[in-house]
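**Student:** Starting from these lines, generate the structure:
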Amino acid sequence: MKVAVINYSGSVGKTLVSTYLLAPRMKDVKFFSVETINQSATDLGIEDVVSFKGDDFSKLIED
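**Tutor:** Numbering: from 1, shown residues only. Okay, here's the model as predicted:
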């Protein structure tokens, strides 16, 4: 299963929802974070986060 939390505006809680509601309920999850200016998932306690900037989005599609 793949889950994406997407919104084109910032500061709406995408990372917060992903970190505290989704990640704890999904075993062996691969967590990707696409951030430009906001707090990242590593700041919220998620380990092994693969971080991308918006310009590197094509790398995320490949994975």
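
**Student:** Going by C-alpha atoms from here, please, whenever you check contacts or count neighbours.
**Tutor:** Fine.

**Student:** Output the lowest mean pLDDT helix or strand found in the protein.
**Tutor:** strand 50-52 (a mean of 68; mean pLDDT, DSSP states H and E).

**Student:** At which residues are the helices of the chain located?
**Tutor:** In the chain, the segments counted as helices under DSSP state H are 14-17, 57-62.

**Student:** tell me which residues of the first one are tucked away?
**Tutor:** When you say that, I think you mean helix 14-17. Buried residues in helix 14-17, counted by 16 or more other C-alpha atoms under 10 Å: 14-15.

**Student:** Show me what that helix is packed against.
**Tutor:** The helices and strands touching helix 14-17, judged by 3 or more C-alpha pairs under 8 Å, 6 or more residues apart in numbering; DSSP states H and E, number zero.

**Student:** from the chain's centre, how far out does it sit?
**Tutor:** 8 Å (C-alpha atoms, centre = their mean, to the nearest Å).

**Student:** Export it to CSV, keeping only CA atoms.
**Tutor:** The C-alpha trace of helix 14-17 is given here as CSV (Å, rounded to 0.1, in the frame of the first residue of the first chain):
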residue,chain,number,x,y,z
LYS,A,14,0.6,17.3,6.1
THR,A,15,3.8,16.3,8.0
LEU,A,16,2.1,16.4,11.3
VAL,A,17,-0.7,14.0,10.2
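
**Student:** ok, Thr42 - how many residues close by?
**Tutor:** 15 (other C-alpha atoms under 10 Å).
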